[in-house]
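Visitor: Got a sequence here, can you model it:
(2 chains)
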2 protein chains.
Amino acid sequence: MKFFEDIAVGERAELGHHTFTADDIKKFARRYDPQPFHLDEAAAKRSHFGALCASGWHTAATWMRLMVEYQVREDAARKARGEPVATLGPSPGFRELKWLRPVYVGDTVKYSTEIIDKRVSNSRPGWGIITIRNTGVNQKGEPVISFISVVFLQSRAGSETKST
Amino acid sequence: MKFFEDIAVGERAELGHHTFTADDIKKFARRYDPQPFHLDEAAAKRSHFGALCASGWHTAATWMRLMVEYQVREDAARKARGEPVATLGPSPGFRELKWLRPVYVGDTVKYSTEIIDKRVSNSRPGWGIITIRNTGVNQKGEPVISFISVVFLQSRAGSETKST
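Guide: Numbering: from 1, shown residues only, chains lettered A, B, ... in the order given. Predicted structure coming up:
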């Protein structure tokens, strides 16, 4: 990650995309959301969704995975350029999660982020808090998920204090 | 589920509990949140968490599973008593998700719900919207997760209209 000082409000990033297969959808559902419309094609057809679709938690957890993979790639690139890498702290949570449309079998969801706020942390000297709007859009360009996450991010000042 | 008319604000329910094992934590993390502190004991020890702990999305998805299992039990009991069962509609999303404390290996999280608001849906005749505060508490009685979910629930009126 960039350091807190180097992040600008309005910055966007493309995290990557994921195609939800029937197998993938059912596997997640069996373990975490065993509702008929996430488990069985025929039952899903009779439901308000009309066809097999992914658990909303599956769509959200897939964002997390792509976010982690994106950060790993970014940090590797930063290290390769000889730049220091900031530590991302814990996330206190997120807000306003909206499942805007079902994610059906074969849908490809592209996830992106936008920094919408940043402030210095009062409780943790050497850290800042960034607020991110996260969005997932399907192959038709329709938003399927959006939420706002908040995360602690190390500042340059914090990093220097730590290493002395 | 009960029908919308039969739900009272302030009603609480115990959904059940789950003990997070190391295997369980790593399995979820490998697929959805591959950060070192969710995957590896030694790396977790060096992190701000101090020990292996569950992905926050894992703690949240486990709520979903227990919620579904609770509803299945409730509906079966209702049917056994010869009572009609209301249909739960889609969830437009949730808000204010807070990860209040890490969930470490061996922690048992007990999930409960409280109805905090109900209103008739304007967009879907025959349906109501209920707002639920969801909480997960560990074996020491410390809250580890809380969030507010919103879900459509069939009303008796809606159910009668549908069946004629």
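Visitor: Enumerate the residues of chain A near chain B.
Guide: Neighbours of chain B within chain A, by CB under 8 Å from any CB of the partner chain: A:31-35, A:48-49, A:55-57, A:60-62, A:64-65, A:68-69, A:89-99, A:147. C-betas here are computed from N, CA, C, even on glycine.
Visitor: how far is the longest helix seen in chain A from where the chain is centred?
Guide: Longest helix of chain A, by residue count under DSSP state H: helix A:56-80. Mean-position distance between helix A:56-80 and its chain equals 7 Å (CA atoms, centre = their mean, to the nearest Å).
Visitor: So what's the model's average confidence on it?
Guide: The average pLDDT for helix A:56-80 rounds to 95.
Visitor: what's in contact with the following helix or strand past that helix?
Guide: Heading C-terminal from helix A:56-80, the first helix or strand you meet, by DSSP states H and E, is strand A:93-99. Contact partners of strand A:93-99, identified using CB atoms under 8 Å, 6 or more residues apart in numbering or on different chains, comprise A:56, A:59-60, A:144-150, B:56, B:90-99, B:147.
Visitor: partners of the helix or strand harbouring A:Ile116, with directions?
Guide: Using DSSP H and E, A:Ile116 sits within strand A:108-120. Neighbouring strands of strand A:108-120 in its sheet, by DSSP bridges, are strand A:12-19 (antiparallel), strand A:127-137 (antiparallel).
Visitor: Following element in sequence after the first one, please.
Guide: Read that as strand A:12-19. Moving toward the C-terminus from strand A:12-19, the first helix or strand encountered (DSSP H and E) is helix A:22-32.
Visitor: that older thread, quick check on the residues of chain A next to chain B: which are buried?
Guide: Judged by neighbour count, with 16 or more other CB atoms under 10 Å in any protein chain shown as the criterion, the buried members of the residues of chain A next to chain B are A:31-35, A:49, A:55-57, A:60-62, A:64-65, A:68, A:89-91, A:93-95, A:97-99, A:147.
Visitor: so where's chain A uncertain?
Guide: Within chain A, the set of residues satisfying pLDDT under 70 comprises A:160-164.
Visitor: In space, what's closest to A:Pro143 - neighbours in sequence excluded?
Guide: In space, not counting the residues next to it along the chain, A:Pro143 is nearest to A:Leu100; the distance is 4.8 Å by CB to CB, 6 or more residues apart in numbering or on different chains.
Visitor: ok, that neighbour - how many residues close by?
Guide: Per other CB atoms under 10 Å in any protein chain shown, the neighbour tally for A:Leu100 reads 15.
Visitor: could I get the strands paired with strand A:108-120 as TSV with mean neighbour count and distance to A:Lys118?
Guide: Supplementary listing: these in TSV, determined by neighbours: other CB atoms under 10 Å in any protein chain shown; distance: least, CB to CB, whole Å:
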stretch	mean neighbour count	distance to A:Lys118
strand A:12-19	16	14
strand A:127-137	20	5
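Visitor: Dump those to CSV, plus distance to A:Ala44.
Guide: As requested, these are arranged in CSV below (distance: least, CB to CB, whole Å):
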stretch, distance to A:Ala44
strand A:12-19, 18
strand A:127-137, 20
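Visitor: Tell me which residues touch A:Ser47, please.
Guide: With contact set as CB under 8 Å, 6+ apart, A:Ser47 has these partners: A:Pro36, A:Phe37.
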